[in-house]
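>>> any chance you can model this:
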Amino acid sequence: MIADLNKISKIVFELRSAGNKIVFTNGVFDILHRGHVDYLKEAATFGDVLIVGVNSDNSVKRLKGDDRPINSEVDRAFLLSELRSVVHVIIFEDDTPIELIKSIKPDILVKGGDYDPCVTDITDAKYIMGSDVVTENGGEVKIVNLTPERSTTKIINKMRSNT
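Next up, the predicted model:
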């Protein structure tokens, strides 16, 4: 199910009232690949409901450059919503998911192994945005190992070298 911020707030309230443990992660998910599926499948095991925040097209352009995203935000959100492990998807416009995390207040925040929960410098690329919000609300931050040799960048580079 793809939701907007108002809808997700109501959904989270209902889920939490029913005693569900809410897991949140976010990313670009530009070219969906095995690494993404492995990551999301493991993230879902940490709770009852996995909510995935997806960077909007404008946000991706600001973060990755004018040649990204490859796939539109609508297509990326649709593909994620079709995965068994993902219960809700929300597209966010900001460069970081901090406002979304403040709104959802997940029980578990999940990031990939290229992030470090010990990094406290917000300017460091390994910093986990929203980790402070989650832990201050009694939640946890979990790191999922990345699937070796699987990344959107590797796929894009391979496509470019084959043309």
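
>>> partner residues bridging the most centrally placed residue in the chain?
For the chain, the residue nearest the mean C-alpha position is Asn26 (1.2 Å; C-alpha atoms, centre = their mean). Asn26 has these beta-bridge partners by DSSP bridges: Gly53.

>>> ok, it - contacts?
Taking C-beta atoms under 8 Å, 6 or more residues apart in numbering as the contact definition, Asn26 lies against Val52, Gly53, Val54, Asn55, Phe92, Pro97, Leu100. Every C-beta, even on glycine, is put in place using the N, C-alpha and C of the backbone.

>>> give the buried residues for the longest helix seen in the chain.
Determined from DSSP state H, the single longest helix within the chain is helix 5-17. Of the residues in helix 5-17, those with enough neighbours to count as buried (16 or more other C-beta atoms under 10 Å) are Ile8, Ile11, Val12, Leu15.

>>> for this protein, which segments count as strands?
In chain order, the chain shows strands spanning 2-3, 22-27, 49-55, 88-92, 108-112, 140-144, with DSSP state E as the criterion.

>>> can you list contacts of the third one?
Around strand 49-55, the neighbours that count as contacts under C-beta under 8 Å, 6+ apart are 8, 12, 15, 20-29, 40, 43-44, 63, 73, 76-77, 80, 85-92, 95, 97, 100, 104, 106.

>>> 6 Å instead, please
Contacting residues not belonging to strand 49-55 are listed as 15, 20, 22-26, 28-29, 43-44, 76-77, 80, 85-92, 97, 100 [C-beta atoms under 6 Å, 6 or more residues apart in numbering].

>>> the fourth one now?
Strand 88-92 is contacted from outside by 1-3, 8, 51-54, 56, 73, 77, 80-81, 100, using C-beta under 6 Å, 6+ apart.

>>> who does it pair up with?
Paired with strand 88-92 in the same sheet, following DSSP bridges, are strand 2-3 (parallel), strand 49-55 (parallel).

>>> for it, what is the average pLDDT?
The average pLDDT for strand 88-92 rounds to 96.

>>> list the buried residues of that strand.
His88, Val89, Ile90, Ile91, Phe92.

>>> quick revisit: tell me the buried residues within the contacts of strand 49-55.
With neighbours counted by 16+ other C-beta under 10 Å, these contain buried members at 15, 22-26, 28-29, 43-44, 76-77, 80, 85-92, 97, 100.
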